Every structure is written in structure tokens, then in C-alpha cells.
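Visitor: with the sequence up front, the predicted model follows.
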Amino acid sequence: MEMKKCYMNDQDTFTTAPRQNNLLKICIYGNALVIAALGLYYFLIPAAILVNYIADPALQTGEMTRFTTRWHKQLSANFEPWARGRVESGEAAGLSLYNISATEWPIFSSVYYLWATEALQEAWKADPTRSETMPSEYARGAIEAAAELIIDPNHAAWVKRHWGEDYLYQENIFYRMLYISGLTSYQKLTGDDKYQDLLLIQIDTLSEELDQSPYGLLDDYPGQCYPIDILPAIAAIQRADALLGTDHAAEISRASRAFEGSRLDPQTGLPAYIADSRSGEGSGPARGVGVSYMLIWMPELWPDKAQDWYGRYEDFYWQLSWLLAGYREFAQDSPYPDWYFLDVDAGPVIAGYGTAASAFGIGAARANGRMDQAYPLSAEALAASWPLPDGTLLGPRLLSNLSDAPYLGESALLFNFTRIPQTENVTHNIGKPPAVVYLGILFYGLLGSAVLWYAIQSHQKRRARILGGYHFPMISLQIFIWAGLLVSGVVIFEVYESVAGILMLLLMQLIPGYHKDSS
């Protein structure tokens, strides 16, 4: 009679040999630890990070927060290889003309990154304890890569198609604003004047063209004029003047005419989102995304006008409830619906709140010294940012164009959080964040706890199967595949920060495979 092999201990009967049984135990313990680690990394630790971030006093006073340096270091490490790889690939030359996120966002990402770096460099000069080395040193490679992307001819392919080979000397104000801004920040950060001749030509020609235009308006693209881009272009010229010692003060003073009279929304007295550069007429209402962005630059350009604009913006667009705080995309009592997706720049409108309007509202409120509004907006943005232990902001990362501009969201948020008040009259925050912030922390905590609970329950069930009457076929092969998925997943996750690494770690959970032993 054939004897069935069976291995015993004091309590349990195993259907596998002791060595194979030990391998299976390693496998199920490893699976439980991986799930627990993911729960900690993606949910429980982020909840603790959020509590720490939101408690930072600088969020309420307008000073530079400490955590922005941590964000910047992580972003810098990722930004340099991405920017260099994108320039070297030349892929930007073949993009569709109307693929906005693929054409505009990479350059915007680079300029946001440089603006934020410039602000953090100034903060470090005031307080060198912020980091062991200054941002211009530890981020030098990323600074160089960002500037190279901005001037890369392939990344200008879409504006060349709009404006031809004269694209740097004919309107095209959005692109030229980014060009001037990026090169100004680069030279200020590095002290390297290798782009200075390009910069001088641009500030001279653009300021002259604006000054000679009938109404101070120039088009972004032929037939498309957006004042949201004209105002930061004027600020860019002023910032370049401060760096280079040039003087365009007269042109900058006259440039305010672009934001007067019929260029304003008659309901709110704020600049219309769209204008006709030939007739000087505004078209349609002022929109939150445009006003928020312009108000970031207003205090350093025209302080008196900034106060008036901010007051109007607050009256018509600020929306506050126990649950949420933010800026509307359209003024209160407007005919526009409160729930819709208008365009890629503005993002979704939720219960009237504009996503981009509220995000850039952080920078606008900080620049104008309104910390009573900047704090709730900042706390909400932090709750939505999904901060990981390594300094990555997963929320903004997922909302970016992962193939063409994966760091737009993080660089834009960093830009907004590094704005400092441009006025002596700072209104400090004395209130609490809206309820949605607490709900966000609770969400991370509960979901993380659920993942840990699942890891424990899964481990106990799998251990029971090993100790029970279950058969595990081809154990050696299964363990080999399991180990391969574990090593590959960890390496890919660490080196490439890829979703593929997490998928491999999740695939591990399918091993060991089993079936009920019927013998």
C-alpha cells in the first residue's frame, strides 16, 4: 500500500515538506509586510505629514514654510533627468498644434520651477538653516535643465506654426513671457550671463511692442488675446530690469491701460478673461483663473490697483462655507452653472469653486497679504496633495500630463506656496481650516487602517491554508516567481518611481496559488 507523506508537529498537519512549508511562510509573511508597507507609505504616513504641514505657523503669517524646501529637493531630483531627457529626445517638435498640455505645460513647468527656486533661494539667504546647501547649489543641474528646455527650439514648434520664424518678435506674448521669466530666474540664480543677450533683446522688443500697441494688448495666438498672460509679461519685464539694470519704467507705467475701460468686465470691474487686441474691447466676463493669476503679480506692479482688484475679487468671487473655502470661476449670481468642466487651464468647477482659481488663489492671497484666505486655501490644497514620505506630492502629480509634463502640478503648487506678501499690511489667519481638510486627513487615516487590517486578515487566512488541507503545486517555481516580483517591484519603484513597481508588488499577492487537497 502506498504511504502518503505527512509531516507533523504538536498542533498541525502540513501537506508539504518542512522546507517547502518554511518557504510558504516566508511568502505569506512577505505579502503581508508589503501590503502593510504600502498602507503606511501611501495613507497613514501622509495623514501624519498633513497634520504637521497644516500646523506650520508660517502658513498663517505669510512667512516661507519649511516644508517647501523638502518639496523642492525632491522635485529637483526628478526634474533634471526629465527635462534633459525631453530636450534630447526632440519629441516636442512633433506634437499636435492644439495639444495644450503637451505643448505649453512643459515650458510652464520649467518656469514655475525656476520661480519657486528663486523664492527659496531668497529665503535661504535670509535663513541659511533652511538647508545645508543653498537651492542654487543643490538644484544647479535642474536649473540648467529647465533653462535649456525653455530655449529649446523644438519646444517652440507649436508657436512657430502659429507665428512663423518671427515667433520671438511678433506678439506671441504667452511664450515670450515664459521665455523672459525663465531666463531672468536662471541668471539671477546662477550668475551666469550666457543667455543675457537673448534676454535683453526680448525685454526691449516686447516692451516696445506693448507700448506701441493701440491698447496695450497683444495676442497669445493669432486672434486670441488673454490679459491673464499680458500682466505677468509686464511683471517679467520689470523683474528683468531689476536684474540687468535696464529701465522700462515708462512703458510699464503706460501698460496699465490694458486693464482699464472697456477691457474690464462691467459687472465686476475686473479684467475680462478674453479681449480683442485690435478693438480694445473685453469679451465675456472676468474668470477666477485669470484674476487669481494676475493678482499674484499686481502688488509688485501697481500696489494701489492691486488693493482695489483684490477687494472686488473678494466681493464677487470668494465663497466660504463650513465645508469648503475658495474662489469661484465665475462671479456670484452669474448665469453659468456651478458644476462643469470648462477647459484644461481652469480645471473642473465644483459647486461654483474653480479648481485653478482656488489653487492660484493661494499665491494671490499670499502676495496680497491676505493670510486669512491663504490659510484655508493652503490647507485644502495640502489635503488634496497626497504628500508622500519622500516629498512627492502624488495628487498634483496625477493631475498633470504624465507623459509630457508630469511635474506641472507639483511645480505650480510649489510656486504658489513660495509667494510671500508684497505689502506691509498682512492680515494673519486666526481661524481654523474648513471641514474638508479634516475629512481629508480622516480619509487617509481610515484607508490606511483598512489596508493594514486587510494585510493582517490576509496573512491569517493564508497561514490557515498552509496549516490546513490545501495543496500548493510547483512550490519552488511559485516562490521563484514571487521573489522575482518582489525584487523587480522594489527596484523599479525606487529607481523609476513607476506605477509598474507597485503593480509588481500587488501581483505578488496572487502567490502562492493553491487548491483544496481532495485526497
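Guide: Here it is on my side, so go on.
Visitor: what is the helix ranked longest in the chain packed up against?
Guide: Counting residues, the longest helix found in the chain (DSSP state H) is helix 435-467. In terms of contacts (3 or more CB pairs under 8 Å, 6 or more residues apart in numbering; DSSP states H and E), helix 435-467 is packed against strand 13-14, helix 18-39, helix 45-54, helix 371-385. Using the backbone N, CA and C atoms, a C-beta is placed for each residue, glycine as well.
Visitor: what mean pLDDT does the shortest one get?
Guide: This means strand 13-14. Average pLDDT, strand 13-14: 38.
Visitor: quick revisit: between the helices and strands packed on helix 435-467, which gets nearest to residue 181?
Guide: Between residue 181 and those, the tightest spacing by CB to CB is seen for helix 371-385, at 22.4 Å.
Visitor: got the buried residues for the closest one?
Guide: For helix 371-385, the neighbour count (16 or more other CB atoms under 10 Å) marks 371-385 as buried.
Visitor: which two from those end up farthest apart in space?
Guide: 372 and 385 (21.2 Å).
Visitor: hang on, the earlier thing: in the longest helix of the chain, what's buried?
Guide: Neighbour-count burial for helix 435-467 flags 436-437, 440-441, 444-445, 447-448, 451-452, 455, 459, 462, 465-467 (criterion: 16+ other CB under 10 Å).
Visitor: just give me how far that helix sits from the chain centre.
Guide: 28 Å (CA atoms, centre = their mean, to the nearest Å).
Visitor: what ranges in this structure fall below the confidence cut-off?
Guide: For the chain, applying pLDDT under 70 flags the ranges 1-20, 465-470, 497-498, 515-519.
Visitor: okay, domains of it per the record?
Guide: As given by automatic domain parsing, the domain ranges for the chain are 7-44+458-516, 68-167+388-415, 174-286.
Visitor: redo those as JSON lines? Include distance to residue 355.
Guide: Shown next, in JSON lines, are the domains of the chain (distance: least, CB to CB, whole Å):
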{"stretch": "domain 7-44+458-516", "distance to residue 355": "23"}
{"stretch": "domain 68-167+388-415", "distance to residue 355": "9"}
{"stretch": "domain 174-286", "distance to residue 355": "16"}
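Visitor: tell me which of the ones you listed lies nearest to residue 312.
Guide: Proximity to residue 312 (CB to CB) singles out domain 174-286 among those, at 5.3 Å.
Visitor: pull up the distance across the closest one, start to finish.
Guide: For domain 174-286, the separation between the terminal residues is 18 Å (CA to CA, to the nearest Å).
Visitor: now the helices for the stretch 201-350 of the chain?
Guide: With helices called from DSSP state H, counting those that start in this stretch, the stretch 201-350 of the chain shows them at 227-244, 249-254, 288-301, 303-317.
Visitor: oh, that last question was meant for the stretch 1-150 of the chain, not what I typed.
Guide: Under DSSP H, counting those that start in this stretch, the stretch 1-150 of the chain gives helices at 18-39, 45-54, 58-61, 67-89, 100-103, 105-126, 135-138, 140-151.
Visitor: among those, which comes closest to residue 331?
Guide: helix 100-103 (25.2 Å).
Visitor: check which residues of that closest one are buried.
Guide: Across helix 100-103, burial judged by 16+ other CB under 10 Å covers 101, 102, 103.
Visitor: what do you get for stretch 232-244?
Guide: 232, 233, 234, 235, 236, 237, 238, 239, 240, 241, 243, 244.
Visitor: about what we covered before: closest to residue 310 among the buried residues of helix 100-103?
Guide: Distance to residue 310, by CB to CB, is smallest for residue 101 among the buried residues of helix 100-103, at 29.7 Å.
Visitor: tell me the bridge partners for the spatially closest residue to the closest one that is not a sequence neighbour.
Guide: Nearest non-adjacent residue to residue 101, counting by CB to CB, 6 or more residues apart in numbering: residue 401, 4.1 Å away. Beta-bridge partners recorded for residue 401 (DSSP bridges): residue 405.
Visitor: show me what contacts the residue lying closest to residue 139 once chain neighbours are set aside?
Guide: Nearest residue to residue 139, sequence neighbours excluded (CB to CB, 6+ apart): residue 76, at 4.0 Å. Counting by CB atoms under 8 Å, 6 or more residues apart in numbering, residue 76 touches 117, 135, 138, 139, 141, 142.
Visitor: now the third one: how far from residue 82?
Guide: Same thing as residue 138. According to CB to CB, to the nearest Å, residue 138 stands 17 Å off from residue 82.
Visitor: and the last one, by the same measure?
Guide: Between residue 142 and residue 82 the distance, using CB to CB, works out to 9 Å.
Visitor: who has more neighbours, these two?
Guide: Of the pair residue 142 and residue 82, residue 142 is the one with more neighbours under other CB atoms under 10 Å, namely 25 against 17.
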